[in-house]
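In: Kindly return the folded structure for what I paste below:
(chains A and B)
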Amino acid sequence: MSTREVHVGTTLERDLVLDGDVAIVGTGAGGAISASTLARAGLRVVIVEEGAYRTPQEFTLRELPAFTRLYHDGGVRPTKDGAIAVVQGRTVGGSTTVNWTSSFRTPEPTLRYWREHLGIEGLSAAELAPWFETMEHDLHIEPWQLHNVSNQVLARGAAALGWRHGEIRRNVRGCANLGYCGLGCPIGAKQSMDVTAIPDALDHGAALVTRVRAERLQLRGDRVTAIEGIALDAPGVRPTGRRVQLRAPWVVVAAAALGSPALLLRSEVPDPHGRIGTRTFLQTHNYSLAFMPEVVDPFSGVQQSIYVDQLTWRDGVAGRAGFNMEAAGAQPVVSMNFWKGIGTDMADFARRFRHLHTLVSQIRDGFHADSPGGTVVLRDDGSAVLDYRLDDYFWDGVRSSYLAMAECQFAAGAERVHPACSDAQWYRSWPEAHAGIRALRLRSPNVFLNSTHPLGGCAMGPDPRTSVVDTFGRHHQVTNLAVLDGSVLPTSLGVNPALSIYALTARNATALAERITGRRLVSRQTG
Amino acid sequence: MESRILVSRRGLLQAGLAGSVAVWIGGLLGSAGCRVTPVATQRVALTPQGEEIIRAVMPVVLGPLLPSGGADRARALDAGVADLDDYLAHLSLPLQREAGDVFGTLGLLPVRVLLLRSSRPWREAAPETIEAFLGAARASRIDLLRRMFAFLQSMAVLAWFDQRAAWPAIGYPGPPIERPPAVGGRA
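Out: Have a look, this model is predicted:
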């Protein structure tokens, strides 16, 4: 291994200019796979990342330091009206460094919807299969059978109800079943981008500069000429005054949902049809809390290993809001924050922590005229905020998923169930929960909502009037610009998105590498 | 992953309007009642007003979870405030400003009179008074008050449950691997 070229923005003593064949913004699922693919094709890749580069040895398994150091806005980046906390990684590896490793191929109903309703060709399950296989191989995505109690309870409930469920595949190698994935894997078992594709790109001659925020793309005519970045202080909050410029004939934007559209908006990239930032999706998560008779120890063991997709397509792909269900055990801060108690009520809840069982529903958005997603807008200082309206279509999904989660928890033997909504109450039986949730007032912020799956905002599609990039991520108007990340997804997915972004990016980055080099590449030339 | 800690933009606009009116009224009424005692420790992001409110709200939200004894209780509050300061210091500047605005608004005399039904500063407010305010705010028809409750309650939860002292009572054994605080320099 040759010396890896990594610059740290915080400690730059003078402005920095990096030249390359391709310049990339971001090191998450999109940016890292792009970097590795392009570097392996023999191209000089230069990468800018807003977060810091941490090693697994630096992960302390403590919640607050992880939220502040590894997440954007402490893990609670709020939508414009404050109703939903968007959870995004901000570290080398992006959200892959802090996700729970759940790896799903894009569901076929989603791909069919893209083809039939959005005119997207070339992305059928069969056409994507080789890309999924490549990424599954490279990232050790394999079945996982060691289910903690949270997941056993979910499987038990689903089985009792006859609901379709299965085991989640995970991108891990030598996983010790700790259950602290969201705080950064302390043993480097998670095959996240910070320990896989980014080191791979660096070993193939890429250069990385961390703690630098890509502020804008410099444009001349229909081409990007450079990425302009500002170096940030150690917390990643204030500019140090140093500037960083990445110059290359090709530019890849992979700053994720919110980040990528915001960069394009700040740069005043041509947008004749006003599409940039629109159709940003969250597949918003809501939660159901239960106390089980048995000890759950929800802080321990792999947190997500069983999925239930019985209701994901409950009314057809384009019908009422569907949702999947997964377990959502976690350490104390996250778990206790679901409960909006005061005084003895807070204490009574907290003291039963070892028996706490938490389910999460992820509500699909973007498949219905009444589910247009949110819009990324810029604050006065140029930072991004997502304007996401909560409408009747959405609230129907919330109520239906509260019902389903409670039914599942009671079917698994729960003593009592309480939706993570401070206007609800404890229900002692499924009939009681059914009546209570049907009558429950749903309002913000009393309904606890967040999203670890922000997607879209630079939608792909064949028609420039309705999309920002084509189905290979190439910008419709700017000839040397590609967007290769989750922001190109034209709807949410109905599953956790990481593997979809890996595979689509591998496909599109390979196409870009072929276009630049004029050579035909085999897969993404993994070795 | 935790909760939305922030109040809405529209809410803040309301708060801002209420705030500017309140500043004006506060000025007329004189500053004796709303002067904040300087805090010895230098904070990065948490304002003195914010610290005073957090120190008042934490015991109410956490109730019997917080140590009742003098030194342990003081340590828990000190550590919680330091952790929250560190948390806020890593938020983007617009969010830091919003948090400061919320604390600032809550600290204004007319707002205190309205919400706590008392002209006393937060540090002198009776726990029962704060508890009554929090309970009413949680169930309020007014969006802004519900958001203020969610914000304050979340801050108290954040400030406590990552502390080792919090774990025995809830049966959390702590992380399976002990690491020195390489990331961030906190114990």
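In: lowest-confidence helix or strand of chain B?
Out: Lowest mean confidence among the helices and strands of chain B (mean pLDDT, DSSP states H and E): helix B:9-29, at a mean of 38.
In: and the next element down the chain from it?
Out: Taking DSSP states H and E as the definition, the helix or strand that follows helix B:9-29 towards the C-terminus is helix B:48-62.
In: now for that following helix, which elements pack on it?
Out: Using 3 or more Cβ pairs under 8 Å, 6 or more residues apart in numbering or on different chains; DSSP states H and E as the contact criterion, the elements in contact with helix B:48-62 are helix A:344-351, helix B:70-89, helix B:93-107, helix B:127-138, helix B:143-161. No exception for glycine: its C-beta is placed from N, CA and C like everyone else's.
In: and that helix, what's its mean pLDDT?
Out: If you average the pLDDT over helix B:48-62, you get 98.
In: so how far is the first residue of stretch A:151-170 from its last?
Out: Chord length of stretch A:151-170, first to last residue, is 14 Å (Cα to Cα, to the nearest Å).
In: ok, so what distance separates the spatially closest residue to A:Ala414 that is not a sequence neighbour from B:Pro176?
Out: Spatial nearest neighbour of A:Ala414, excluding adjacent residues (Cβ to Cβ, 6 or more residues apart in numbering or on different chains): A:Ala290 at 3.9 Å. According to Cβ to Cβ, to the nearest Å, A:Ala290 stands 25 Å off from B:Pro176.
In: Now do the same contact list for A:Asn177.
Out: For A:Asn177, the contacting residues are A:146, A:148, A:301-302, taking Cβ atoms under 8 Å, 6 or more residues apart in numbering or on different chains as the criterion.
In: hey, where'd the helices end up in the stretch 101-250 of chain A?
Out: For the stretch 101-250 of chain A, the helices defined by DSSP state H, counting those that start in this stretch occupy A:108-118, A:125-138, A:149-161, A:197-203.
In: For the chain, give me the ranges with low pLDDT.
Out: You didn't say which chain, so I picked chain A. Along chain A, the parts satisfying pLDDT under 70 run over A:1-2, A:523-527.
In: Wait, chain B was what I had in mind.
Out: Counting by pLDDT under 70, the low-confidence segments of chain B come to B:1-40, B:181-187.
In: So for it, the centremost residue is which one?
Out: Closest residue to the average C-alpha location of chain B: B:Ile54 at 3.1 Å, with Cα atoms, centre = their mean.
In: That one contacts B:Val157, doesn't it?
Out: No: the pair formed by B:Ile54 and B:Val157 falls short of the contact definition of Cβ atoms under 8 Å, at 11.5 Å.
In: Please name the nearest non-neighbouring residue to the residue in the stretch 101-250 of chain A that chain B sits nearest to.
Out: Nearest residue of the stretch 101-250 of chain A to chain B: A:Pro235, at 4.9 Å (Cβ to the nearest Cβ). Setting aside the residues directly before and after it, A:Pro235 is nearest to B:His90 in space (Cβ to Cβ, 6+ apart), at 4.9 Å.
In: What parts of the stretch 251-400 of chain A come near chain B?
Out: A:299-300, A:330-334, A:336-338, A:340-347, A:350-351, A:353-354, A:379, A:381, A:383, A:385 (Cβ under 8 Å from any Cβ of the partner chain).
In: What subset of the residues you listed is buried?
Out: A:299-300, A:330-334, A:336-338, A:340-343, A:346-347, A:350, A:353-354, A:383, A:385 (16 or more other Cβ atoms under 10 Å in any protein chain shown).
In: send the alpha carbons of stretch A:276-293 over as CSV?
Out: Extracted in CSV, the C-alpha atoms of stretch A:276-293 (Å, rounded to 0.1, in the frame of the first residue of the first chain):
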residue,chain,number,x,y,z
ILE,A,276,-33.6,20.8,-8.4
GLY,A,277,-34.5,20.1,-4.8
THR,A,278,-38.1,18.9,-5.6
ARG,A,279,-39.3,15.4,-5.0
THR,A,280,-37.1,14.9,-1.9
PHE,A,281,-38.4,11.8,-0.1
LEU,A,282,-38.0,10.6,3.5
GLN,A,283,-39.9,7.3,3.9
THR,A,284,-40.5,8.8,7.3
HIS,A,285,-40.1,6.6,10.3
ASN,A,286,-42.6,6.4,13.2
TYR,A,287,-42.2,4.2,16.2
SER,A,288,-44.2,1.9,18.5
LEU,A,289,-43.1,1.2,22.1
ALA,A,290,-43.9,-2.0,24.0
PHE,A,291,-43.0,-3.6,27.3
MET,A,292,-42.4,-7.3,27.0
PRO,A,293,-42.6,-9.8,29.8
